[in-house]
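Undergrad: fold the following, please.
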Amino acid sequence: MTHVAVLYGGVSAEREVSLSSGRQVIAALRAAGFAVTPIEVTEDLPATIGALAAARPEAVFNALHGRFGEDGCIQGVLDWMGLPYTHSGVRASAMAMDKSAAKAVFQAHGLPVAAHRVVSPEELAEADPLPRPYVVKPVDEGSSVGVAILREGDNRRREIALSWRHGPRIMAESYIPGRELTVAVMGERALAVTEIATEAGFYDYEAKYAAGGSRHLLPAPVHPAIAEEAMRVALAAHRALGCRGVSRADFRYDDTAGEPGRLYLLEVNTQPGMTPTSLLPEQAAHHGIGFPELCAWMVREARHGA
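TA: So this is what the prediction gives:
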């Protein structure tokens, strides 16, 4: 494959992240020798389809993030057009983006998840869905959009519920103290364990994407048994959802009573960020895989269909 179209931008809350990812990918693919057609995605879906039809690429690099970009929607369009594309197909993308569905899959495969419950904004306004502290987050957004932690004495619950703008369902999940870990998967290989340290209280949107918002410790300074388990669970979650290409599993690691502690799988991101501060490229580089080489590999792995 020599001609690649890169989809970036989109209409989700993660548009700015996708624009950054897309710019990095476009430059990397050109450096790797590909002819690249950038396609900035907006609310005009027919324009996106028209641009793809006019470009007639041999593959599509999907650098979209969030709703409509990594939830199976654009994947279905690309399947309809018969265009191979990077990352997971419709089914895996939709399941991974729906945190409730993903957790059901993880539980069915015996993977460790925190106590959780899906509620409506009205139910959250009325009462705590779980013992405090707990986390509330959108069921189908990424990049920590809309995430809040409710601790003892915090009186924001009703305010959060009444101002909720992220759909009719809210995921409430027991807050796990300790550390934030992440593992990227590339094909059938878990790459590494990174600890994400931040002064922000938790790894929120700003900590993810602002320069200096977080520190990445690679390899993570954790007990060897935990590192091994995180790699195993990340690959198992990738397979359980039916992912292809790359993915990234996010964990909480409770070592507050000492190591080795206990690991909890939070979610799997089927389209990890490709920005200058992103974790997947960093873990790939840890194994000697440069950014252009990583992007080229993803294009070579492009498929369509389930």
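Undergrad: which of the helices or strands spans Ala96?
TA: Using DSSP states H and E, Ala96 maps to helix 90-97.
Undergrad: which other helices and strands contact that helix?
TA: helix 73-81, helix 99-108, helix 224-241, strand 262-269 (3 or more C-beta pairs under 8 Å, 6 or more residues apart in numbering; DSSP states H and E). The way it works is simple: take the backbone N, C-alpha and C, and place the C-beta from them, glycine included.
Undergrad: show me where this protein has helices.
TA: In the chain, the helices defined using DSSP state H lie at 15-31, 45-55, 73-81, 90-97, 99-108, 121-126, 157-162, 205-209, 224-241, 279-286, 291-300.
Undergrad: just to revisit the earlier point, out of the helices and strands packed on helix 90-97, which is the most enclosed?
TA: strand 262-269 (a mean of 22; mean count of other C-beta atoms under 10 Å).
Undergrad: name every strand pairing with that one and say which way it goes.
TA: When pairing is defined by DSSP bridges, strand 262-269 lines up against strand 246-254 (antiparallel).
Undergrad: between helix 90-97 and the strand it pairs with, find me the angle.
TA: On the basis of axes from the mean of the first three to the mean of the last three C-alpha atoms, to 10 degrees, strand 246-254 is oriented at 20 degrees to helix 90-97.
Undergrad: contacts for strand 246-254?
TA: 87-88, 96, 114, 176-187, 222, 226, 230, 233-234, 237-238, 241, 261-270, 272, 279-280, 298 (C-beta atoms under 8 Å, 6 or more residues apart in numbering).
Undergrad: run a quick neighbour tally on Ile149.
TA: 16 (other C-beta atoms under 10 Å).
Undergrad: how near is the residue of the chain most remote from its centre to Ile160?
TA: Distance to the chain centre peaks in the chain at Gly153, reaching 31.2 Å (criterion: C-alpha atoms, centre = their mean). Distance, Gly153 to Ile160, using C-beta to C-beta, to the nearest Å: 15 Å.
Undergrad: what score does the closest residue in space to Gly76 that isn't next to it in sequence have for pLDDT?
TA: In space, and not counting its chain neighbours, Gly76 is closest to Val90: 5.2 Å by C-beta to C-beta, 6 or more residues apart in numbering. pLDDT, Val90: 97.
Undergrad: thanks again, I'm all set now.
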